[in-house]
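> sharing a model that was predicted from the sequence below.
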Amino acid sequence: MSQLDPNSTKIRIPHTLSPGCEIVGILQRTSDTKEASSSSRKLALILHGVLGHKDYLHQKLLARSLPMDSFRFDFRGNHETAGEWSMAAFPRDVDDLRVVSKYLREELNYEIDLIVGHSRGALVSNWWLSHDEEEIRLNQVRKVVHLCGRYRMERIHDKDPIYDPYFNKSLAYPWAVRVASKPLTVNVTAAQIEEFASWDNSYAKTKFPKEICVLNVGAGRDTVVPPWDVFLWQREWQGRIGSTTMHVVELADHNLVGHHPEIVEMICGWNELVDREGKAPPVWDPALVAASSTSSKL
């Protein structure tokens with residue numbers, strides 16, 4: 001472990017499924033207490049998207065704003081966690097999540113209470129929650145925030161005009177980005193795109209845990225994930241015991257740039273409301289938090 005600020009600790013988790021690899025993450029505490037607790041404590045898990053990292057977008061601000069400890073990490077092949085990057089490594093990302101969850105529970109006495117996933121991170125957490133019943137039972141996950149998650153995976157082919165000039169020549173597409181303020185180029189292959197497009201999210205209707213409350217957030221100006229996908233997720237999550245609350249940030253892009261404080265405030269307000277009331281309404285209204293807080297004091 002290495003020290004960052006009084007309440008943040010960088011942790012390197014040995015990857016039990018990938019010898020020699022360590023998953024690098026940040027444990028953010030709500031106080032400067034460093035002593036391990038003998039009883040389980042609630043934790044929020046914060047997950048990044050494609051070619052993201054543990055400190056980009058809203059993640060650091062959210063970690064410092066939540067009323068519970070949190071952990072955010074780099075998936076394999078991203079930023080400080082070693083490994084080969086792939087456009088379509090969803091099963092590998094799920095394995096990373098399993099390793100992290102087990103470590104947090106067995107070594108640090110945490111139970112995951114809340115998961116906040118952006119884009120790819122949202123898809124990975126949804127699949128994990130829907131298929132690893134024993135792990136979910138041990139963690140007692142109660143709340144999920146789903147930010148800009150793609151539902152129709154086949155719509156990745158909307159970008160074929162960009163990819164095809166390379167794929168038609170049996171070449172990989174060189175995707176140039178900036179990660180943690182540094183330039184990076186990764187290769188996207190035709191096989192990766194086909195594997196990505198074949199990922200099926202329809203399991204969510206029948207396998208996603210019925211008791212978990214969900215905050216389902218879309219972006220009105222998203223050019224990466226079609227904005228309509230937020231409604232498709234909302235459709236799949238209807239009729240469950242846990243509430244599903246939808247909100248669309250009308251002027252936001254896929255990364256919610258310019259809206260991070262608003263997003264963090266919404267997540268914290270929704271979390272507070274669900275903790276107090278056990279549910280939230282179908283459409284998000286920040287006034288509900290104040291109203292609920294006032295009524296609880298009467």
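Alright, I've got the coordinates. Numbering: from 1, shown residues only.
> specify the beta-bridge partners of Arg41.
Tyr110 (DSSP bridges).
> and what of His247?
Bridge pairing for His247 - DSSP bridges - gives Val217.
> and it, how many neighbours?
His247 has 17 neighbours, counted by other C-beta atoms under 10 Å. C-beta: built from backbone N, CA, C; applies to glycine.
> same thing with the one 3 residues further on?
Other residues within reach of Glu250 by the criterion other C-beta under 10 Å amount to 11.
> same question, Leu66
Leu66: 20 neighbours (other C-beta under 10 Å).
> I'd say it and Glu265 touch.
No. Contact between Leu66 and Glu265 fails when scored by C-beta atoms under 8 Å: they sit 11.5 Å apart.
> now the common contact residues for these two.
Common contacts of Leu66 and Glu265 (C-beta atoms under 8 Å, 6 or more residues apart in numbering): none found.
> Val145 sits in which helix or strand?
Counting by DSSP states H and E, the element that carries Val145 is strand 143-147.
> partners of that strand in the sheet?
strand 110-118 (parallel), strand 213-219 (parallel).
> for Ser40, which non-adjacent residue is closest in space?
Glu111 (4.7 Å; C-beta to C-beta, 6 or more residues apart in numbering).
> residues in contact with that neighbour?
40-43, 105, 138-140.
> turn the strands paired with strand 143-147 into CSV, including distance to Leu51.
Compiled in CSV, the strands paired with strand 143-147 are given as follows (distance: least, C-beta to C-beta, whole Å):
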stretch, distance to Leu51
strand 110-118, 12
strand 213-219, 17
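> and those strands: which comes nearest Val179?
Of all the strands paired with strand 143-147, it is strand 110-118 that lies closest to Val179, at 14.6 Å by C-beta to C-beta.
> quick check: next helix or strand after that closest one?
Next along from strand 110-118, by DSSP H and E: helix 120-131.
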